[in-house]
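In: predicted model, plus sequence, below.
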Amino acid sequence: MAETTPAAATPTPTKPAPKAAPAAKHTDKKPAGTLATLTPEMMVVQQHFGEALIQPAPYEGFLVTDPAKVRDVALFLRDELGFETLSNQTAVDYLAENAIEIVYHVSHIQGGKPLCFKTRIPRDESVAVPSLTPVYPGAEFQEREIYDLYGARFSDHPDLRRILMWEGFNGWPMRRDWKEAYYEGDTKPFDSRWPGGNHKLAEERVPWADNINLPPGFDPATYVANPDGNIYESMLEGGNGHDLEVPPLDTGADAVIGSSSGLKTDQIIVNMGPQHPSTHGVLRMVVRIDGETITDLKLVLGYLHRNHEKIGERNTWLHNIPYTDRLDYICGMANEMGYVIGVERMMGIKPTERAEYLRVIMAELTRIQSHFWAIGFLLNDLGAFYTPALYFITERDLIIDLFESVTGSRMMCNYMRFGGVARDFTPEQLARARELVFERIPRAIDELERLLSDNEIIKARTIGVGYMSAERSIAYSLTGPCLRAVGVPYDIRRADPYSIYDRFDFDIPVLYGGDVYDRYRIRVLEMRQSLRILEQALNQIDQTPAGDIQAGKKAYNHRVPAGQTYARVETPKGELGFYLVSDGGQNPYRYHVRSSSFINLTSMREMTIGQKVADAVVILGSLDIVLGEVDR
Amino acid sequence: MGLLGTGILKGLSVTLTHFINTYLEDFKYLGKKAGIEPRPLRRQSPKNYGLVTVEYPKERLPLPENFRNIPFLVRDSQTGEDKCTSCGICAKVCPPQCIWIVRTTDPVTKRPVPAPKEFYIDSTICMNCGYCAEFCPFDAIKMNVEYELSDYGRIKEMILDKERLTKPDTYHAAIHPTDWAREQAEKAAEEEKKRQAEEAKAKAAAAKAAATPAKPASTAPQPPAAPPQS
Ligand code: SF4
Ligand code: SF4
């Protein structure tokens, strides 16, 4: 894509914000903002690698000055300091400094704050960063995403292709100077709406006019797409992601290889999805099968991609709250909670007590209804069509009826605000919540267990299926119930506590099977723990003054002080993180969503190889992904 | 693990219970609850362990008061004027930027007048977030409860102009009684404050001018404006 004017990148002075000082531009200062102080752990790294290589980074973490050395640093962090899992990896485009910054967050699996480190490469794609996949296999999809959206290259990556955009896409859409097809302005609110009073329909803006950039020599009229060529080729070659050896597929004249049964069979490549109910949305699985056995699997993502992060950077801070509902649309309020906690941390405000309780109540009810949903559809994937799913949807409906009566919407709740929540519960709504928590849901969970837990067919289909060991799960950055089903008690509510979870008495259940059956059972156990939290929260909330739900004055034009943060919460799917960078203006400079559904999918390949085709569907169901969050 | 198949039988007992419960609930309903509690509400209550289906569109669930869908503009039915002052806050807080407002300018002074000339909401883009209603300082825009909005066209039908957006405040009072009561209370409080200020002024003036004992200006306290019957 042709580089457009650099002026487009600075947070723009186009808005009439009342008494707007020229929007703060951190992009102009040499090191952006104040330098972070090194924690003792970072000191150890600095002593080991020397001060020339390890320097304090602006705001948070340390900077590895030579990008070629990041893998060594990561190895040291993993092996010497025990940062076993890569929580988050993303990039930020500092246009004015002509740098793309790659940001890593690594965590101890025992808990604690994540450690942040960064490295910088020039924007001209001349320098490749060593891929972290040999150290943390969980980096695979995240690096592909960075490559896809920022054009940063990673050397030795097993499969560096675009992941969310299609293969033939031209340009790096998350760069600050990239403009989308219906581009109107860098930041909202747009002047054209008010005071301008005009607006154009998307249809009226001709998409193929000057809003769009075509690569030189490209003619849409004659172009024939072959976006799948690469993926099929890579499947034929076999090859390995990480230390997973997949033999190449012989496609010669006598393309038969011995199967385990002693028969000579063909291996073929089959597409599952994207339009199929078993894929929980629009996900495509390309599988190489030998008879019924899967010998290789690749995922094709991005069918629901709308560049949520770009939209997030155009939006004001407040605008983003309802958008986060649309990430994992089954658990809107859990996402909102992560985002508002991040922004509150940067603004240095705290919500009121009552708001904290309301948030926890909503987040835990969300967890219960999400797990009901997940289990119901896991059963669908097993072939128990809709009887269990409908029983659990009934229970879920009672919960979202409550959401509707409080927030006004069943799923797109838009309930959390910076420093509080939008509405208080009325006494009747609290009574309804208590009725659900103390009477209805415990019974429903008992019934669920009676219906399913001992069922011999379910056991036969799920025990031992989709196993992944604890070590591999941690390496793959797997989070959420799937990680806890293999004996790792990693839950952000305890590992890196937020909100008021430290006040409640609850356990992090773990199971050790690591298969689909335990992933089902762990969700049941977690629902019971959520009920425990809810019982305490509903008992304690009466001690807080009713109506006190917003700290400070309610505002719509927030200015967030320059800085950055990585805020993470435990959603029903796993660790949801928001990496936010502010330049002091009304809009985020960078808004990154570390989505658990997306990163959990990284491990899907290893889980399915060697399993039957029908089990791939079940394994996917047990991961419990939501495509709105995967593709963003 | 017990005898093979006991787990399945246990599960089937659950489905059987559901089956029986459905008839039991209907039976109970016929017995004494009919006419007291509408069937859809009962079916969707946490007390019902039977079938939950509501036969939409023959039966409808009542909507909670907070339910929100595409917004509407409020017209004061006492004065007949729109409450909107075209301050532009709703257009600024709207996340998908689907509100656009043309301001009125005074033909003589060329200064903006606080009433919108045009007010559009592109209802195909509106994400029903409710920010506009939440942040409007004049209670001039509120969320509607209509949800059967399909139509045959994209532009004339779906881009709502001021005409189609405006609804009388009696409608607002009918669908949002709590919110309306709050508004009325605030209005009454404000009027009361104004009245007190005026009274104090009058008293001061009277005291100043008075050689003779002044009779109190307008003594009868105004009754707070009652909500109009919807
Ligand atoms: S509806 Fe309310 S917020 Fe919007 S312009 Fe009118 S007065 Fe302002
Ligand atoms: S409800 Fe939200 S999206 Fe719709 S017009 Fe109001 S602010 Fe805009």
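Out: Everything's here; your move. Numbers count the residues shown, from 1 in each chain, chains lettered A, B, ... in the order given. Ligands and ions are numbered 1, 2, ... in the order given.

In: what residue ranges in chain B are flagged as low confidence?
Out: Low-confidence segments of chain B, defined by pLDDT under 70: B:1-2, B:31-36, B:210-230.

In: those residues of it touching ligand 1, which are they?
Out: Residues of chain B lying close to ligand 1 by Cβ under 6 Å from any ligand atom are B:84-90, B:101, B:136, B:138, B:140-141. C-beta: built from backbone N, CA, C; applies to glycine.

In: domain map for chain B?
Out: B:14-61, B:71-181 (automatic domain parsing).

In: what about burial for the residues of chain B next to ligand 1, which qualify?
Out: For the residues of chain B next to ligand 1, a neighbour count by 16 or more other Cβ atoms under 10 Å in any protein chain shown gives the buried set as B:84-90, B:101, B:136, B:140-141.

In: and residue A:147, that's in a helix?
Out: Yes: counting by DSSP: H, G, I helix; E, B strand; the rest coil, one finds residue A:147 located in a helix.

In: contacting residues for it?
Out: A:153-154, A:157, A:160, A:162-163 (Cβ atoms under 8 Å, 6 or more residues apart in numbering or on different chains).

In: farthest-apart pair in these, please.
Out: Greatest spatial distance among the contacts of residue A:147 (Cβ to Cβ): A:153 and A:163, at 14.1 Å.

In: who's more crowded, these two?
Out: In terms of neighbours (other Cβ atoms under 10 Å in any protein chain shown), residue A:163 is the more surrounded of residue A:153 and residue A:163; the figures are 23 against 17.

In: hmm, that one is touching residue A:142, no?
Out: No: checked against Cβ atoms under 8 Å, the pair residue A:163 and residue A:142 is beyond contact range at 9.4 Å.

In: could you say which helix or strand contains the closest residue to ligand 2 within chain A?
Out: Residue of chain A nearest ligand 2, by Cβ to the nearest ligand atom: residue A:322 (7.2 Å). Element membership for residue A:322 (DSSP states H and E) is helix A:320-325.

In: can I take it that residue A:577 is in a helix?
Out: No: if the criterion is three-state DSSP, then residue A:577 is strand and not within a helix.

In: check the closest residue to it other than its chain neighbours and give its pLDDT.
Out: Counting by Cβ to Cβ, 6 or more residues apart in numbering or on different chains, residue A:577 lies nearest to residue A:594, which is 3.4 Å off, once chain neighbours are set aside. On the pLDDT scale, residue A:594 is placed at 91.

In: what's near enough to touch residue A:594?
Out: Taking Cβ under 8 Å, 6+ apart as the test, what residue A:594 contacts is A:87-88, A:90, A:566, A:568, A:575-579.

In: next one: residue A:131
Out: Counted by Cβ under 8 Å, 6+ apart, residue A:131 has contacts A:71, A:139, A:143, A:154-158, A:160.

In: state the distance from residue B:193 to chain A.
Out: 20 Å (Cβ to the nearest Cβ, to the nearest Å).

In: sticking with that residue, tell me its helix or strand.
Out: Using DSSP H and E, residue B:193 falls in helix B:177-209.

In: tell me the spacing between residue A:604 and chain B.
Out: Taken as Cβ to the nearest Cβ, the span from residue A:604 to chain B is 29 Å.

In: now the element after the host helix or strand of that residue, going C-ward?
Out: Element membership for residue A:604, per DSSP H and E: helix A:604-608. Downstream of helix A:604-608, the first helix or strand assigned by DSSP H and E is helix A:613-623.

In: C-alpha coordinates for that next one, PDB please?
Out: Presented in PDB, the C-alpha positions along helix A:613-623 are these (Å, rounded to 0.1, in the frame of the first residue of the first chain):
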ATOM      1  CA  VAL A 613     -12.800 -36.400  12.300                       C
ATOM      2  CA  ALA A 614     -15.900 -36.500  14.400                       C
ATOM      3  CA  ASP A 615     -13.800 -35.800  17.400                       C
ATOM      4  CA  ALA A 616     -12.400 -32.600  15.900                       C
ATOM      5  CA  VAL A 617     -15.900 -31.100  16.200                       C
ATOM      6  CA  VAL A 618     -16.100 -32.100  19.800                       C
ATOM      7  CA  ILE A 619     -12.700 -30.800  20.600                       C
ATOM      8  CA  LEU A 620     -13.600 -27.500  19.100                       C
ATOM      9  CA  GLY A 621     -16.800 -27.500  21.100                       C
ATOM     10  CA  SER A 622     -14.900 -28.200  24.300                       C
ATOM     11  CA  LEU A 623     -12.600 -25.200  23.700                       C
END
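
In: for that helix, which positions count as buried?
Out: Under the neighbour-count rule (16+ other Cβ under 10 Å), helix A:613-623 has A:613, A:615-623 buried.

In: for that helix, packing partners?
Out: Packing partners of helix A:613-623 (3 or more Cβ pairs under 8 Å, 6 or more residues apart in numbering or on different chains; DSSP states H and E): strand A:267-272, strand A:284-290, strand A:293-300, helix A:353-382, helix A:456-462, helix A:516-540, helix A:604-608.

In: turn the ones you listed into JSON lines, including mean pLDDT, distance to residue B:40 and mean neighbour count.
Out: Converted to JSON lines, those look like this (pLDDT from 0 to 100; distance: least, Cβ to Cβ, whole Å; neighbours: other Cβ atoms under 10 Å in any protein chain shown):
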{"stretch": "strand A:267-272", "mean pLDDT": "81", "distance to residue B:40": "40", "mean neighbour count": "15"}
{"stretch": "strand A:284-290", "mean pLDDT": "85", "distance to residue B:40": "40", "mean neighbour count": "20"}
{"stretch": "strand A:293-300", "mean pLDDT": "85", "distance to residue B:40": "42", "mean neighbour count": "21"}
{"stretch": "helix A:353-382", "mean pLDDT": "91", "distance to residue B:40": "21", "mean neighbour count": "24"}
{"stretch": "helix A:456-462", "mean pLDDT": "86", "distance to residue B:40": "34", "mean neighbour count": "18"}
{"stretch": "helix A:516-540", "mean pLDDT": "91", "distance to residue B:40": "27", "mean neighbour count": "21"}
{"stretch": "helix A:604-608", "mean pLDDT": "87", "distance to residue B:40": "42", "mean neighbour count": "24"}
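
In: okay if I get those as JSON lines plus distance to ligand 2?
Out: Formatted as JSON lines, the helices and strands packed on helix A:613-623 follow (distance: least, Cβ to the nearest ligand atom, whole Å):
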{"stretch": "strand A:267-272", "distance to ligand 2": "37"}
{"stretch": "strand A:284-290", "distance to ligand 2": "32"}
{"stretch": "strand A:293-300", "distance to ligand 2": "32"}
{"stretch": "helix A:353-382", "distance to ligand 2": "20"}
{"stretch": "helix A:456-462", "distance to ligand 2": "43"}
{"stretch": "helix A:516-540", "distance to ligand 2": "29"}
{"stretch": "helix A:604-608", "distance to ligand 2": "36"}
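
In: among these, which comes closest to ligand 1?
Out: helix A:353-382 (24.4 Å).

In: any idea which helix or strand comes after that closest one?
Out: helix A:387-407.

In: follow-up on the earlier one: tell me the one of the contacts of residue A:131 nearest residue B:76?
Out: Nearest member of the contacts of residue A:131 to residue B:76, counting by Cβ to Cβ, is residue A:143, at 58.8 Å.

In: just give the nearest non-adjacent residue to that closest one, would you?
Out: Counting by Cβ to Cβ, 6+ apart, residue A:154 is the residue found nearest to residue A:143 once chain neighbours are left out, at 4.7 Å.

In: next: residue A:598.
Out: Nearest to residue A:598 is residue A:630, by Cβ to Cβ, 6+ apart, at 4.6 Å.

In: over to residue B:130?
Out: Distance criterion Cβ to Cβ, 6+ apart; nearest residue to residue B:130, sequence neighbours excluded, is residue B:68 at 4.8 Å.

In: for that neighbour, give me its contacts.
Out: A:408-409, B:128, B:130, B:133, B:143-145.
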